[in-house]
Structure formats: structure tokens, C-alpha cells
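Enquirer: 3D model of this:
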Amino acid sequence: RPGILALALMLITAVSALLILASVSAFFIAAGSLCGLSIIGWYSFQYWRERRQDILTRQLIEAIDIIIRGVRVGMSLQENFQVVSRELPPPLGRHFRIMSEKLAIGIDLESVLAAVIADIRLKEFQFMSTTFILQRKSGGQYAEILERLNHLLRDRQTQKLKARALTAEARISARIVALVTLVIIFILAITSPAQFRFLLEDRTGHEVMIYAGISIIAGFFAISRLLRSLQ
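Expert: Residues are numbered from 1 along each chain as shown. The predicted structure follows:
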């Protein structure tokens, strides 16, 4: 995964810096850099993953609409997948194109859908796949089931947007607090170099920095968990 790879590279770089640097002050600077890079990498990966999941969910809603219309006019599942692959851009459009090609060469539907489920890891797509598999085994029309699933997905998207709007103030406040902390440290380094060196060279300063870093990380983690529970 790109996010995990980037995080691993940052961790390796930071650990290498710790081994190269010898003085106590440099050790704490490198340790702080390690923590900062780890947090940035983790949040970047979380942001990338959530953004990708949102894109896939929105595209899946459009794909289900296309499939419903195709079912009503008598198109087969493979033909519906071909239409979806032409109408939707990547990433989901590419997956539907691959599914259509696999079905065309005779691979069974369950295996085709299982491969995509393992790749995109989207629960909504798994629900849709279950509908296709049950319809293939038992027969019958599945347009109504897809309509209900699509209605449910739209409701979930609406609720998620409302939750984001309600928690926007808290998220912005957390970012401002973090930015203010960095600005204060920068101003302190410029206006009072002696006090700033105290943080880097004195044992008590090291303890203060460690305590401050742990407190900030714990606070961000607590705020993140609270906001996720609201969503």
C-alpha cells in the first residue's frame, strides 16, 4: 500500500538519522522528527484511505443506477458491467471493466466479485456482490433489491456529510491549536535563543519536550476518536 510504504520509508530515514547523530541534543531532535514524521505519515495514510473510500462509494451509487436501468431493459450482467466501465472513470470504472473481461472469458461470477472485494475493501460493494450471487443461484429480478441498496447508500452519504458539517468547527479548532503550538515554538527560537537551547540541551528541557509531545499526540488521538464516533 502506498501509505504504508511511505510511512515505513519515513521511519527508516528517521531511525538512520538517530544512528548517525551522536550528541544528546541531536538525539532528541531526531526523536522529535521521528514522532512528527510518523504522525504525518499515519494521518496522510488515513486521509488517503478515507478519500478513496468516499470516491468509491459515490461511484458505486452511480454504478448501481446504471445497472438498475440495464436490468429493466433486459441487459445481462456482463453487458451492464461494460456500460458501467464506459460511463465511470477510475478507480471503480476500471474494476468493472476487468470484471466484464473476466466474465467474457468464462470465469465464474463469484470468483470475479471476490477478487474485487479483496482489492477495494468496500462493504457496500460486498452487499451488491451478494445480491448478484444470490440472483445467479436462485433466479428472479434483483432491480428492487438494488434500488433499496442504492437508497440506503444515498442516505448514508447524506448522514456522513451532515456529521462532517457538525464536526467541522471542532476539527478546525484542533488544527489551529496545533498550528499555534508550532508558531510559538518558532517565535521562541527566534526571540529567545537561550530558552530554546534549554529545551534542546538541558535534561529538564528534554523532559518538558517529551511531555508536551506526548500530550499533543494523546489530545489529537482523543479528538480523532470522538469525531469518528460522531460520524
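Enquirer: When you work out contacts or count neighbours from here on, use the C-alpha atoms and nothing else.
Expert: Noted.
Enquirer: From the centre of this protein, point out the most distant residue.
Expert: Ala194 (42.0 Å; CA atoms, centre = their mean).
Enquirer: check which helix or strand covers that one.
Expert: helix 193-201 (DSSP states H and E).
Enquirer: and that helix, what does it pack onto?
Expert: For helix 193-201, the elements it packs on are helix 24-72, helix 168-191, helix 203-230, judged by 3 or more CA pairs under 8 Å, 6 or more residues apart in numbering; DSSP states H and E.
Enquirer: Could you say which of those is packed most deeply?
Expert: Mean neighbours per residue, mean count of other CA atoms under 10 Å, is largest over these for helix 24-72, with a mean of 17.
Enquirer: next helix or strand past it?
Expert: helix 77-87.
Enquirer: Show me the shaky parts of the chain.
Expert: In the predicted model of the chain, residues 1-40, 140, 178, 224, 226-231 satisfy pLDDT under 70.
Enquirer: Tell me who's in contact with the most centrally placed residue in the chain.
Expert: Nearest to the geometric centre of the chain sits Arg49, at 1.9 Å (CA atoms, centre = their mean). By CA atoms under 8 Å, 6 or more residues apart in numbering, the contact list for Arg49 is empty.
Enquirer: about what we covered before: just put the helices and strands packed on helix 193-201 in TSV and tack on distance to Arg156.
Expert: Below are these laid out as TSV (distance: least, CA to CA, whole Å):
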stretch	distance to Arg156
helix 24-72	10
helix 168-191	18
helix 203-230	13
